[in-house]
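In: Sequence unavailable; structure follows:
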């Protein structure tokens, strides 16, 4: 299934959704229309019960450097955003599918906010990140002050926000901004390997674990332990778990249907 948008591509096949920011001539600079269309695409993903994984990336050699400043200073007409449009970040973080940001190039400002909202971040060795907002005299959007401290700690998050600078892939990996860094020339293939590994997991368990992480951020520890235990016992009685146990004993890959 492919949904038609002007500023991005949204394609679904075999439990995997690909959301590609598609303004390569502008390095995938963000416009209001892109934000609106990203929200619409992610709302489709949130209600698609066939999805297990969604990968967010950029067309061409850039992920998303933040707002397209040339666009916003040109006087060109653009859509006006409403409050729900800014929930792109929430959708990336909380939709049922596991979300993966494949950071294939420059990633800054609101683009960095979108990447940080995903469950996993994979980065090409030549890419760089930058909070960037203060350098263009804005406080920022897309929830970096919510996401960044959870990944790198409160003190480092403030340092990276109040004193913006380029963060290369090696540092991003070292401080916990990204899960894995891959060579530039094999990045696309390496990302596909990660996606395939996720898709090979039990759909029931994979989506259950994603929901556990979402709910853990909303609940106190005691309430979450009760919630997790009930769901764990229910999933453990599923046919997928039985198949995984059989496969382990028989020393073969599990076959989930």
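Out: Nice, thanks for sending it over. Predicted, not measured: the structure shown is a model, and the values here were computed from it.
In: C-alpha only now, for contacts and for neighbours.
Out: Will do.
In: Break the chain into its domains for me.
Out: Here the domain parsing of the chain from automatic domain parsing is 2-199, 203-250.
In: what's the first-to-last distance across the last one?
Out: Distances were taken as Cα to Cα, to the nearest Å; on that basis the terminal residues of domain 203-250 are 21 Å apart.
In: all strands for the chain, in order.
Out: 2-3, 8-13, 16-21, 53-58, 98-103, 107-108, 120-124, 128-130, 167-168, 180-182 (DSSP state E).
In: Quickly compare the domains of the chain and say which is most buried.
Out: Ranked by average neighbour count under the criterion mean count of other Cα atoms under 10 Å, the domains of the chain are headed by domain 2-199 at a mean of 19.
In: which residues of the stretch 151-257 of the chain fall in helices?
Out: Here the stretch 151-257 of the chain has its helices, by DSSP state H, counting those that start in this stretch, at 154-162, 169-175, 187-199, 203-216, 221-236, 239-250.
In: Contacts made by the second one with the rest, please.
Out: It stands for helix 169-175. By Cα atoms under 8 Å, 6 or more residues apart in numbering, the list of residues contacting helix 169-175 from outside reads 123-129, 152, 178-181.
In: And the furthest pair within those?
Out: Across the contacts of helix 169-175, the longest distance by Cα to Cα is 20.8 Å; it joins 126 and 152.
In: And stretch 28-47, how far out from the chain middle?
Out: 13 Å (Cα atoms, centre = their mean, to the nearest Å).
In: for stretch 143-163, same thing?
Out: For stretch 143-163, the distance to the chain centre is 17 Å (Cα atoms, centre = their mean).
In: That stretch: end-to-end distance?
Out: First residue to last in stretch 143-163 (Cα to Cα) measures 17 Å.
In: Identify the residues contacting that stretch?
Out: Applying Cα under 8 Å, 6+ apart, the contact partners of stretch 143-163 are 89, 112-113, 116-117, 130-134, 175-177.
In: and the closest residue to residue 61 other than its chain neighbours, what does it touch?
Out: Leaving aside its sequence neighbours, residue 61 sits nearest to residue 105 (Cα to Cα, 6 or more residues apart in numbering; 5.6 Å). When contacts are counted by Cα under 8 Å, 6+ apart, residue 105 touches 58, 61-64, 123-124, 126-128.
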